[in-house]
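Trainee: structure of the sequence below:
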Amino acid sequence: MPSDPLESFSSIQGSDLFRIFQKVLSETADLACESIGEPVEGPSVMSLERSVKLEGPIRALVVLRAHRKLGSLLLEKSNNGNGYSDSREAAFDYLVRFYCERLVRDYGSLRDFAPLTTQISSPQSWATRVPLAGCALLVEMYPVEIRIWIESELIGNGERI
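Mentor: Residues are numbered from 1 along each chain as shown. Predicted coordinates for the structure are as follows:
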């Protein structure tokens, strides 16, 4: 891993986002997933959507979107396991927060970033430019999309996230 956080995070690709999600999903819910490529722009039924702002040596926005039934599946798994959730939204929040923690650990140091919190998100709140990286995947039959934007004033064009 490069020692410069900007260089490290700027190298993220969709396959990296998928690899991290695969590990987190296995650890938190004992579920498997499969990559289906890049996220598709346009309308989709993804009623669970959360974003996390990374604020530290770099500023970034990470967005995870999923079908609502994935939240129900995560809730079912949590109730059979360690019981970390009391609603499908809370189960998805937990997964997103844990995912972002792992992402930061893989590309930087968690202690260098402000505490990570999930926010309800929608495509209207995303940055207007194309994300640095994204991936689409299936958990059982439920679609998930992951996108990351890095604040581009640090990498060139001045748009803030």
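
Trainee: tally of neighbours for A90?
Mentor: 16 (other Cβ atoms under 10 Å). For glycine as for every other residue, the C-beta is placed from the backbone atoms N, C-alpha and C.

Trainee: what of S10?
Mentor: 17.

Trainee: ok, it touching L132?
Mentor: Yes. S10 lies in contact with L132 (Cβ atoms under 8 Å); the separation is 7.1 Å.

Trainee: can you name the next helix or strand after the helix or strand bottoming out on mean pLDDT in the chain?
Mentor: The helix or strand of the chain with the poorest confidence is helix 5-10; it has a mean of 81 (mean pLDDT, DSSP states H and E). As assigned by DSSP states H and E, the chain's next helix or strand after helix 5-10 is helix 14-29.

Trainee: and the contacts of stretch 90-110?
Mentor: Stretch 90-110 is touched from outside by 1, 5, 8-9, 12, 16-17, 20-21, 23-25, 27-29, 48, 50, 52, 54, 56-58, 62, 64, 66, 70-71, 74-75, 77-78, 84-85, 113, 116-118, 146, 148, with contacts defined as Cβ atoms under 8 Å, 6 or more residues apart in numbering.

Trainee: any of those buried? List them.
Mentor: Buried residues within the contacts of stretch 90-110, counting neighbours by 16 or more other Cβ atoms under 10 Å: 5, 8-9, 12, 16-17, 20-21, 24-25, 28-29, 48, 50, 52, 54, 56, 58, 62, 64, 66, 70-71, 74-75, 77-78, 84-85, 113, 116, 118, 146, 148.

Trainee: residues touching K69, list them.
Mentor: Y142.

Trainee: ok, now the one 5 residues further on?
Mentor: Listed by Cβ under 8 Å, 6+ apart, the contact partners of L74 are 28-29, 85, 88, 91-92, 94-95.

Trainee: in this structure, which segments are predicted with low confidence?
Mentor: 1-3, 42-43, 45, 79-85, 152-161 (pLDDT under 70).

Trainee: tell me where it has helices.
Mentor: 5-10, 14-29, 68-80, 88-107 (DSSP state H).

Trainee: can you name every helix or strand that the second one contacts?
Mentor: Helices and strands touching helix 14-29, by 3 or more Cβ pairs under 8 Å, 6 or more residues apart in numbering; DSSP states H and E, are strand 33-37, helix 68-80, helix 88-107, strand 133-139, strand 142-150.

Trainee: in CSV, could you pull the C-alpha coordinates for the third one?
Mentor: Read that as helix 88-107. The C-alpha trace of helix 88-107 is given here as CSV (Å, rounded to 0.1, in the frame of the first residue of the first chain):
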residue,chain,number,x,y,z
ARG,A,88,-33.6,-4.0,8.2
GLU,A,89,-32.4,-0.4,8.0
ALA,A,90,-30.2,-0.9,11.1
ALA,A,91,-28.8,-4.1,9.7
PHE,A,92,-27.9,-2.4,6.5
ASP,A,93,-26.4,0.6,8.4
TYR,A,94,-24.2,-1.8,10.3
LEU,A,95,-23.0,-3.5,7.1
VAL,A,96,-22.3,-0.1,5.5
ARG,A,97,-20.4,1.2,8.5
PHE,A,98,-18.3,-2.0,8.8
TYR,A,99,-17.6,-1.9,5.1
CYS,A,100,-16.3,1.6,5.2
GLU,A,101,-14.2,0.9,8.2
ARG,A,102,-12.6,-2.0,6.3
LEU,A,103,-12.1,0.2,3.2
VAL,A,104,-10.3,2.8,5.3
ARG,A,105,-8.1,0.2,7.0
ASP,A,106,-7.2,-1.3,3.6
TYR,A,107,-6.2,2.0,2.1
